[in-house]
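Take a look and give me a structure for this.
(2 chains)
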Amino acid sequence: MCQRHPLLCFIPPYIIEHMVQSSHAHIRALAIANLASSSAFVAFRTSAQAMPTLLARKSPEGGKNRLVYDAQHSNALPGTLARSENQPATRDPSVDEAFDGSGAVYDFYEQLFNRNSLDDNGMSLISTVHVADVDFQGEFVPMNNAFWNGQQMAYGEGDGDVFKRFTGSLEVIGHELTHGVQSFTSNLNYQGQSGALNEHFADVFGVLVRQWKEGTRAEESSWVIGRELLVPAPTRRGIRDMEHPGTAYVDDPELGNDPQPATMAGIYTGPKDNGGVHINSGIPNRAFVLAAKALGGNAWEVAGRIWYETMLQLSSTSQFEDCARISVQIAGAKQYGTGARKAVRAAWKKVGISV
Amino acid sequence: MKVCYVQSGGFIGALKSCEVNTAELGEQEAQQLEQLVRDSGLSQSARLLSEQARDLKQYEITIEDETRAICVEFDDQNIPDSARTLLGFLQKRARAG
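Got it, this is the predicted structure:
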């Protein structure tokens, strides 16, 4: 049975202890150095979990402050500073897309929700591009991923066969930064249904940033996530389809079949992917699209605001039903009009959640 | 010896997996896998996942032989250096699903 301890990370202690016995002098030295630093690391990590604001690097002016670093095809974060606020474009598409994209996300949250950055206190937006993975021979290879590490965003270049630059998709940038917003708000546990809600809100505000930037209404908009980061093929349209979960890729030689369920009847209950955080997000994703299309107009104006208020009110252990109940309550406020409550409740009912 | 591998998570969220059994491999590949498992230093079950990071890829490696059955899970920020070669061996064989 696998055991979990939240403070165990990087090289596990039993491996380090094994390495201390190594016949290779440099491995012994590294292991001993790692053991020596581990107690300090654990202390830092404990504090950081209790107080995420410790990790926030405040903007010097208190407003929008973007810092884009270049990992130079390594996995070292943050890397070398490539562009900062008020500096001109660099001609490196990855750097400039991360800069412009994080600016669009900042503006989205600031203009629509009066939110000053991820922490609502002017936190600098730090991105690193050209991040690489290490392959089994110890060589750096392009990373097929984008992630939020708790302090900053990291973007891979993609392998060129299946994936392109992850900065090429604005909703990917919005998605990763929304993970940051959540770490300062609901801080939904990244496991099971609460984790799937964490992924859901990241997809919702990721796609809304794109719709807001392009000025597209809910009825005419695409709800496919990550179309731009895929090398086109007949077997794939995107990474996820919020409107039709489970259909973004079918029989794809590299990706297989989109595993997302569209309703509670298909909910994944296994252990993979932290209990299906990227799988079960399809259920609330579809509920959001149904609500947004029923409400009509610009999705960021009514549906987006209801979902933003919901995200702020959820707790770290909230489940799908909690999200549904709170969103319906919020939709009942006068400012959203007479039909909003009914539309949101009907949307959740269609995916199998009655509140 | 049987080694099972499952990759999940990442922004993509797609699943990849494989199962490699030394009884079904050629002699040379079977010896290579046994050596990679020894070199990996993976000797007991553990779960090594970042608490604050989001969208990291996750890896689950299960090793079964006559004397033990262990399951080790880790993510991109917690890959044991000693297990990278074994991870690469399994990734090359993993298929979607």
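
Need the nearest residue in space to A:Val231, chain neighbours excluded.
A:Val162 (5.7 Å; C-beta to C-beta, 6 or more residues apart in numbering or on different chains). All C-beta atoms are positioned from the backbone trio N, CA, C, and that covers glycine.

cool, and A:Asn298?
Closest to A:Asn298 by C-beta to C-beta, 6+ apart is A:Arg217, at 5.8 Å.

The one you found belongs to a helix, doesn't it?
No - going by DSSP: H, G, I helix; E, B strand; the rest coil, the assignment for A:Arg217 is coil, not a helix.

What helix or strand is the residue positioned nearest the centre of chain B located in?
Central residue of chain B (C-alpha atoms, centre = their mean): B:Ile61, 3.3 Å from the mean position. Assigned by DSSP states H and E, B:Ile61 falls within strand B:57-64.

buried set for that strand?
Within strand B:57-64, the residues that qualify as buried are B:57-63, counting by 16 or more other C-beta atoms under 10 Å in any protein chain shown.

Which residue ranges of the chain form helices?
Looking at chain A here, since you left the chain open. For chain A, the helices defined by DSSP state H cover A:13-20, A:25-50, A:93-113, A:170-183, A:192-214, A:272-276, A:282-295, A:303-313, A:320-331, A:340-350.

should've been chain B
Under DSSP H, chain B gives helices at B:27-40, B:84-93.

Setting the sequence-adjacent residues aside, check what's closest to A:Val129.
Using C-beta to C-beta, 6+ apart, the closest residue to A:Val129 is A:Ser94 (3.9 Å).

tell me the contacts of the one you found?
A:129-130, A:155, A:157, A:165, A:167 (C-beta atoms under 8 Å, 6 or more residues apart in numbering or on different chains).

For ChimeraX, write the select line for the buried members of these.
In ChimeraX syntax, the buried subset of the contacts of A:Ser94 is picked out as below (16+ other C-beta under 10 Å):
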select /A:129,130,155,157,165,167
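
Including pLDDT, could the contacts of A:Ser94 go into JSON lines?
Below are the contacts of A:Ser94 laid out as JSON lines (pLDDT from 0 to 100):
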{"residue": "A:Val129", "pLDDT": "98"}
{"residue": "A:His130", "pLDDT": "98"}
{"residue": "A:Tyr155", "pLDDT": "98"}
{"residue": "A:Glu157", "pLDDT": "97"}
{"residue": "A:Arg165", "pLDDT": "97"}
{"residue": "A:Thr167", "pLDDT": "98"}
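
out of the contacts of A:Ser94, which one sits closest to A:Gln319?
A:Tyr155 (31.2 Å; C-beta to C-beta).

hang on, isn't that closest one packed against A:Lys164?
No - with contact defined as C-beta atoms under 8 Å, A:Tyr155 does not reach A:Lys164; the gap is 11.3 Å.

which residues touch A:Glu219?
Per C-beta under 8 Å, 6+ apart, neighbours of A:Glu219: A:293, A:296.

sorry, back to before: show the average pLDDT along the strand holding B:Ile61.
Average pLDDT, strand B:57-64: 96.
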